[in-house]
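**Q** A predicted structure for the sequence below; I have some questions about it.
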Amino acid sequence: MAQNNIKQYLVPMAAKIVYSVTVKVEEDVLQDWLQWMQAVHIPDVMKTDLFESARLARIINSKEDGDSYSVQYICKSMAAMHEYEVKHAPALKQDHIQRYEGKFLAYRTLLEEVATY
């Protein structure tokens with residue numbers, strides 16, 4: 001019976017892809033990085049028209065060796081994600097590396113959204 005109660009809250013939807021980029025940034029470039037991400041990098045990613053939205057959040061349960069942030073892009077489809085990776089990601093990643101080389105650590109995760117409540 002409990003399972004039936006859970007089902008009523010599920011919202012049927014097409015599976016969306018969440019492209020999550022976690023970045024640990026050194027303190028001496030943090031303010032510049034935050035400004036650049038919001039004014040330049042995230043808008044450049046969104047200009048590809050392959051993502052529906054983006055979110056920038058500070059990770060609050062990890063403060064070792066600098067602040068960490070999560071950038072989450074909601075992708076329209078896996079095909080759109082592939083197009084981004086092939087056509088746009090290399091240049092955008094290179095811009096980030098050239099600007100902040102040695103001052104950040106990043107890793108990327110692809111998630112498939114299962115449900116929204």
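**A** Everything's here; your move. The model shown is predicted, which means the values in this text are computed figures rather than measured ones. Numbers count the residues shown, from 1 in each chain.

**Q** Identify the single longest helix in this structure, thanks.
**A** Looking across the chain with DSSP state H, the single longest helix is helix 89-100.

**Q** who touches whatever helix or strand comes next after it?
**A** Per DSSP states H and E, the first helix or strand lying C-terminal to helix 89-100 is strand 104-112. Here strand 104-112 makes contact (Cβ atoms under 8 Å, 6 or more residues apart in numbering) with 15-26, 29, 33, 81, 96. No exception for glycine: its C-beta is placed from N, CA and C like everyone else's.

**Q** and if you look at stretch 47-66?
**A** So stretch 47-66 is contacted by 16, 19, 22, 24-27, 30, 37-38, 42, 45-46, 67-76, 80-81, 83-84, 87-88 (Cβ under 8 Å, 6+ apart).

**Q** for that stretch, which positions count as buried?
**A** 50-51, 54, 66 (16 or more other Cβ atoms under 10 Å).

**Q** What distance separates the opening and closing residues of stretch 40-48?
**A** The straight-line separation of the ends of stretch 40-48 (Cα to Cα, to the nearest Å) is 13 Å.

**Q** so where does the residue nearest the centre of the chain fall, helix or strand?
**A** Compute the mean C-alpha point of the chain, and by Cα atoms, centre = their mean the closest residue is Gln72, 2.6 Å away. Using DSSP H and E, the element containing Gln72 is strand 67-75.
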